[in-house]
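Asks: Sequence and predicted structure below; questions after.
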Protein chains: 2
Amino acid sequence: MTARAEARDAFRRRLIDAAYTRLATEGAAGLRMRQLARDLNVTPGALYRYVSGRDELLTILVIDAYESLAETVRRAEAGVPRTELERRWLTVWVTVREWALAHRNEYQLIYGTPVPGYEAPAETIAPASGVTLLLAQISSDLWTARGNGAADPAPVSLAEDLSRIAAWVVAHGMSVDAPGAMVLATVEAWTTLLGAVGLELGGHFRGSIHNNAAYIELLARRSYAALRATILNDRVREGADV
Amino acid sequence: MTARAEARDAFRRRLIDAAYTRLATEGAAGLRMRQLARDLNVTPGALYRYVSGRDELLTILVIDAYESLAETVRRAEAGVPRTELERRWLTVWVTVREWALAHRNEYQLIYGTPVPGYEAPAETIAPASGVTLLLAQISSDLWTARGNGAADPAPVSLAEDLSRIAAWVVAHGMSVDAPGAMVLATVEAWTTLLGAVGLELGGHFRGSIHNNAAYIELLARRSYAALRATILNDRVREGADV
DNA sequence: AGATACAGTGAACACTGTTCACGAAAGCAA
DNA sequence: TTGCTTTCGTGAACAGTGTTCACTGTATCT
């Protein structure tokens, strides 16, 4: 590797780091090319030797954010014994929230309003699936450990979507034997989780929920209970007439 | 009223209308003072006679969006017979989603990432409560019509938050006798609803849910069932041992 | 009718992202 | 080592942004 290529990579790294810092401290709007040039003691034009423009920088940061979130959650979840399914589930919820609080701007970058004039390109799709896959894994583990229970029927109106999700899960190397109702409950959990975090970050709980940690934990427990309840066995044992 | 004051009001109205149009067609980023000036055949400086700046315009539009959403949902919900609680509940969910789809940018303006450098001022808080109040009303009606059921106990960790919500509901002229567990289920529903709409608008269901109409309806039904289930009476009748 | 308040102008200021011709330096081949 | 080529960073420029301000002309009020 030539000295030039090395210097090039090094500077590109510095640029991305500077961009990351600006994003973290000032949000997506603080990501200004001219400001980054000042941060790096260079004229604005020089940046375009390393990056095609502001959009590419944003794409890099989007991917970075997805990966950072997924990695953080994966690491936390890996620390919980495999058999303690509910604790694993809970850990995912809590860790997502904590990451979001610690990385507000990165979170908004990926799950907030799309940045004006910026359309997330295809390469951002793959890294976006990290956390959902983790939930799917736990859900799948629950199904495997179910004993001899059957599952709720899945609604026909979503049959197509559910088989799409199943295919996608298979494509990520997981077994798909989890039934539609469980898959759906997992998607539902994902929806509620991101809803709760988004509302908290947006300050929409100002007049209601303040103890957001307790709230998210409650939501996590409920969603896990709902997930379990999709396995008929449990309910039947309890004598419900569903 | 003098002719001048009249013209002043008329122009201010025209300005807000133009801003609304730009927001709807191009998003918050398309809301450019200079562009609005061109739209109105006037120099940019003239706008500052009617509005203190871009932020005030945004605030007006934020309030407008909250009110438009609340009004739309209120009207739809009012069309359903009072006693059909589940249909009323469902109508709220579906209408919120439909409004969001028809007014993507307005929705993002209120529930998406806060616009860079813009902090929503106090006067936006009141109009934000429209839809939540509607859900609270249905939930309260359900409680009133419960027969002689008791309610689940509410978690102590959220007791403070729940009483804050109760106080806020009272301040809006509703009776508060609905128990904590129901209030919580209502907040939970709100969380999931906004989560689902936000994810759909953000394109985060691209690899999974496509039939979003069916999905939101399913979520609505489930959340209503959960709301009902907070009233012990029902569950006891079904023989569950919770 | 005269004083006053106000609307709109046009120029300016300080920014932004992006492009481009140019000179300097580095890498490579003979 | 010499010469050619590729790359780098600069500085200036372009087109755009929000906002301010001295200055007119016109409408309102006394």
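Replies: Received, thanks.
Asks: contacting residues around the residue nearest to A:Thr186 when sequence neighbours are not counted?
Replies: Excluding its sequence neighbours, the residue lying closest to A:Thr186 (Cβ to Cβ, 6 or more residues apart in numbering or on different chains) is A:Ser139, at 4.6 Å. Heads up, the C-betas are built off the backbone N, CA and C, glycines and all. Residues in contact with A:Ser139, defined by Cβ atoms under 8 Å, 6 or more residues apart in numbering or on different chains, are A:Ala178, A:Met182, A:Val183, A:Ala185, A:Thr186, A:Leu227.
Asks: would you say A:Ser139 is within a helix?
Replies: Yes - counting by DSSP: H, G, I helix; E, B strand; the rest coil, A:Ser139 is part of a helix.
Asks: tell me the contacts of A:Val80?
Replies: Counting by Cβ under 8 Å, 6+ apart, A:Val80 touches A:Arg87, A:Arg88, A:Thr91.
Asks: Quick one: low-confidence residue ranges for chain A.
Replies: A:1, A:114-119, A:232-242 (pLDDT under 70).
Asks: got the domain boundaries for chain A?
Replies: A:1-51, A:65-238 (automatic domain parsing).
Asks: can I get the ones you listed in JSON lines with distance to B:Leu219?
Replies: Output for those, formatted as JSON lines (distance: least, Cβ to Cβ, whole Å):
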{"stretch": "domain A:1-51", "distance to B:Leu219": "30"}
{"stretch": "domain A:65-238", "distance to B:Leu219": "7"}
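Asks: With respect to burial, which of the ones you listed scores highest?
Replies: domain A:65-238 (a mean of 18; mean count of other Cβ atoms under 10 Å in any protein chain shown).
Asks: if you look at it, does any of it touch DNA strand C?
Replies: No - judged by Cβ under 7 Å from any atom of the strand, domain A:65-238 makes no contact with DNA strand C; its nearest approach is 8.8 Å.
Asks: And A:Gly207, how far from chain B?
Replies: Using Cβ to the nearest Cβ, to the nearest Å, we find A:Gly207 at a distance of 6 Å from chain B.
Asks: same thing with A:Glu84?
Replies: To chain B, A:Glu84 is 21 Å away according to Cβ to the nearest Cβ.
Asks: Now do the contacts for that residue.
Replies: No contacts exist for A:Glu84 under Cβ under 8 Å, 6+ apart.
Asks: Now the phi/psi pair for it, please.
Replies: As for A:Glu84, its main-chain torsions (degrees, to the nearest 10) stand at phi -90, psi 80.
Asks: Over to the one 4 residues further on?
Replies: Main-chain dihedrals, A:Arg88, degrees, to the nearest 10: phi -60, psi -50.
Asks: does the residue nearest to A:Gly112 when sequence neighbours are not counted sit in a helix, a strand or a coil?
Replies: Of all residues not flanking A:Gly112 in the chain, B:Thr113 sits nearest, at 3.3 Å (Cβ to Cβ, 6+ apart). What three-state DSSP gives for B:Thr113 is coil.
Asks: my guess is B:Thr113 meets A:Tyr107, correct?
Replies: No - the pair B:Thr113 / A:Tyr107 is not scored as a contact, 9.3 Å apart, by Cβ atoms under 8 Å.
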